[in-house]
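Participant: turn this into a model:
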Amino acid sequence: MRQSSVTGKQPPKATATDGNHRKLGAKGQRTRQQLVDATVALLETNGLRDVSVVDVARAANTSPATFYVYFKGVPEAVLAALESASQTSPELESLIDRDWLAPGAMKDARTFVERYTELWNQNRNIFVVRNLAAEEGDTRFYEARMLQARPMMAAISKQVRRAQAAGRTPADLSPQSCSGTILMMLERLAAIGPISRGDEGVSYTQLKAAAAYHIAMMLGADRG
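Facilitator: Numbering: from 1, shown residues only. I've put the predicted structure just below:
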């Protein structure tokens, strides 16, 4: 089986450590994960600023003192949760790596949008918090966002360049800007689509169909 060109060599996952960067044993790892899981669960109904260390400790059936053994604060627990969240998958990698100049691209574009938004919403709580914090200027969350987006951005950029070489996409467009625009569109779609009411013909299904069309055209799909 050939290696996907999407991710290439993935960065190694960070080793779980406590607040002093000491490697954790099995018990410490379980406690740390319980705190991370409690933080993520609380973010389902609360904003980042509304979740306190006391809230997380109570939800994890432990104490604030224990929380501070592992994290400096709630944002650090969210960053820890982001370490294991992904914005790509083998299926998405296979879809984006297809020949977009060949027939069937529009169907695959619809599947790509469906799978991407599904995966994004599996981590919805922390991705929404991540993006908001990044947009407010927190460089830690910006860097986390870019790290998770970079593999897919590289794969999309490759396909844009291929479409440009075939004369299907304007040559003066920046492939990186095209890929960034596509991912921003998909992230926003994943975030607001499930809560859209469908007013005036703007249902989640219709929004995803429009997004798929834009992606297919950007990647050089046949307009015939």
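Participant: do you know the pLDDT at the residue nearest to the spatial centre of the chain?
Facilitator: Nearest to the mean C-alpha position of the chain, by C-alpha atoms, centre = their mean, lies residue 87 at 3.7 Å. Per-residue pLDDT puts residue 87 at 91.
Participant: now it, what's its secondary structure?
Facilitator: coil (DSSP: H, G, I helix; E, B strand; the rest coil).
Participant: tell me which element the residue nearest to it when sequence neighbours are not counted falls in.
Facilitator: Spatial nearest neighbour of residue 87, chain neighbours left out: residue 148 (4.8 Å); criterion: C-beta to C-beta, 6 or more residues apart in numbering. For the C-beta atoms, the positions are set from N, CA and C on the backbone; glycine is no exception. Following DSSP states H and E, one finds residue 148 within helix 139-165.
Participant: residue ranges of each domain in this structure, please.
Facilitator: Domains of the chain are assigned by automatic domain parsing as 26-82, 90-218.
Participant: contact partners for residue 178?
Facilitator: 156, 157, 160, 169, 218 (C-beta atoms under 8 Å, 6 or more residues apart in numbering).
Participant: what helix or strand is it on?
Facilitator: Here residue 178 is assigned to helix 175-192, by DSSP H and E.
Participant: just want the angle from that helix to helix 139-165.
Facilitator: 120 degrees (axes from the mean of the first three to the mean of the last three C-alpha atoms, to 10 degrees).
Participant: quick one: mean pLDDT over helix 175-192.
Facilitator: 94.
Participant: kindly report the same for stretch 26-44.
Facilitator: Mean pLDDT, stretch 26-44: 93.
Participant: alpha carbons of that stretch, as CSV, please.
Facilitator: Only the C-alpha atoms of stretch 26-44 are listed here, as CSV (Å, rounded to 0.1, in the frame of the first residue of the first chain):
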residue,chain,number,x,y,z
ALA,A,26,0.5,5.1,34.8
LYS,A,27,-1.5,6.5,37.7
GLY,A,28,-0.4,10.0,36.9
GLN,A,29,-1.4,9.6,33.3
ARG,A,30,-4.9,8.4,34.3
THR,A,31,-5.4,11.4,36.6
ARG,A,32,-4.2,13.8,34.0
GLN,A,33,-6.5,12.3,31.4
GLN,A,34,-9.4,12.5,33.9
LEU,A,35,-8.8,16.2,34.3
VAL,A,36,-8.5,16.7,30.5
ASP,A,37,-11.8,14.8,29.9
ALA,A,38,-13.5,16.8,32.6
THR,A,39,-12.4,20.0,31.0
VAL,A,40,-13.6,19.0,27.6
ALA,A,41,-17.0,17.9,29.0
LEU,A,42,-17.5,21.2,30.8
LEU,A,43,-16.7,23.1,27.6
GLU,A,44,-19.7,21.5,26.0
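Participant: which parts of the protein are strands?
Facilitator: Using DSSP state E, the chain contains no strands.
Participant: quick one, helices of it?
Facilitator: In the chain, the helices defined using DSSP state H lie at 26-42, 53-59, 64-70, 74-82, 90-96, 105-122, 124-135, 139-165, 175-192, 204-218.
Participant: just name the most buried of those helices.
Facilitator: Most buried of the helices of the chain by mean neighbour count (mean count of other C-beta atoms under 10 Å) is helix 74-82; its value is a mean of 21.
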